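1. here is a sequence together with a model predicted from it:
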Amino acid sequence: MRRFAQAFLLDALPPGLPGGVAAALAAAPERYNVAVRKPASIVLDRGDGAAVEDAVWGLVPSWSKTPDTKYTTVTARLERAPTSRIYRSAWEKRRCVVPMTGYYKWDRTQKPARPYFIQARDGRALFAAGLWDRWPADEPDLLTFTVLTMPNDAIPAPLVPDGPVFLPAVEAEAWLAGPRWPTRFLARLRQPALEAYEVSRRVRSAEVDDYTLLEPADAAGDMPAEPSDEAWLDEEDEDID
């Protein structure tokens, strides 16, 4: 997962969200190609209730000497995050929810690889469990986040059955508040039914950001990707335990 979309209609947001969150998401900027180091809307609780804020995708821990990291931190494996030196503090204290219209995933069984857009089968928004952090720790001026991932058989073939950990809207506050056993809390959640369809390879460019990215691909008119463009496609994160 290296790209996702955020464009919310109020009536497409499920009931059960914390007060004010649905309206804030509906009013948030529409983003159709959120990429690494790009801003996105996330839901977090700083101690005075759930709120929607912008944060940069790719978690930077508060102890980092620079506002970046040499690791790929857009996603964090659910089984590794609790003990990872990058994510441990955020896992214990700073959880967030990452709302999305859907996300892009590449089918690498074909040459060249082709992108698909994955969305909820019922057409409603998806809510992924995430972690956030602030940098620097003493005078934070940068909010960043990561999306938790795990195996997910709901992802349609031939796409790799691995992706974000989704949670129902009614469980958002429980996740933000910090369940006693967070790994067990997330692992027991039933994942939503998903569907996928092929979209244009234009999504590989972080500079392209408009609603046409969500339209089904026109196989005849879609330009093939250059081989060098495929190096980043859904590559596995480095082991940073």
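-> Happy to help now that I have it.

2. drop to CA atoms for contacts and neighbour counts, all remaining ones
-> Noted.

3. need the pLDDT of Leu25.
-> Looking at Leu25, its pLDDT is 97.

4. excluding its backbone neighbours, what's nearest it?
-> Phe8 (6.5 Å; C-alpha to C-alpha, 6 or more residues apart in numbering).

5. how many residues are close by the one you found?
-> 23 (other C-alpha atoms under 10 Å).

6. next: Arg184.
-> Neighbour tally, Arg184, other C-alpha under 10 Å: 10.

7. just Ala7 next, same as before
-> Ala7 has 19 nearby residues by other C-alpha under 10 Å.

8. ditto for the one 4 residues further on
-> Residues lying near Asp11 (other C-alpha under 10 Å) number 11.

9. and what of Glu79?
-> 13.

10. pLDDT score assigned to it?
-> 95.

11. next: Glu139.
-> 76.

12. before we move on, what SS does it have?
-> coil (DSSP: H, G, I helix; E, B strand; the rest coil).

13. roughly how far apart are it and Trp63?
-> 12 Å (C-alpha to C-alpha, to the nearest Å).

14. report the contact partners of the residue nearest to Leu25.
-> Phe8 makes contact with Leu25, Ala26, Glu30, Thr101, Ala125 under the criterion C-alpha atoms under 8 Å, 6 or more residues apart in numbering.

15. try 7 Å
-> Phe8 makes contacts with Leu25, Ala26, Thr101, as judged by C-alpha atoms under 7 Å, 6 or more residues apart in numbering.

16. is it true that it lies in a strand?
-> No: applying three-state DSSP, one finds Phe8 to be coil, outside a strand.

17. returning to what we had before: among the contacts of Phe8, which lie within helices?
-> Of the contacts of Phe8, the ones assigned to helices by DSSP state H are Leu25, Ala26.

18. coming back round to it: just want to know which of Glu139 and Trp63 has more residues nearby.
-> A direct count of neighbours by other C-alpha under 10 Å for Glu139 and Trp63 places Trp63 higher, at 14 against 9.

19. so is that one in a helix, a strand, or just coil?
-> Here Trp63 is coil, with the state taken from three-state DSSP.

20. in terms of helices and strands, where is the most centrally placed residue in the chain?
-> Nearest to the geometric centre of the chain sits Val147, at 4.7 Å (C-alpha atoms, centre = their mean). For Val147, the enclosing helix or strand under DSSP states H and E is strand 142-151.

21. show me what that strand is packed up against.
-> strand 50-57, strand 75-77, strand 126-135, strand 162-164 (3 or more C-alpha pairs under 7 Å, 6 or more residues apart in numbering; DSSP states H and E).
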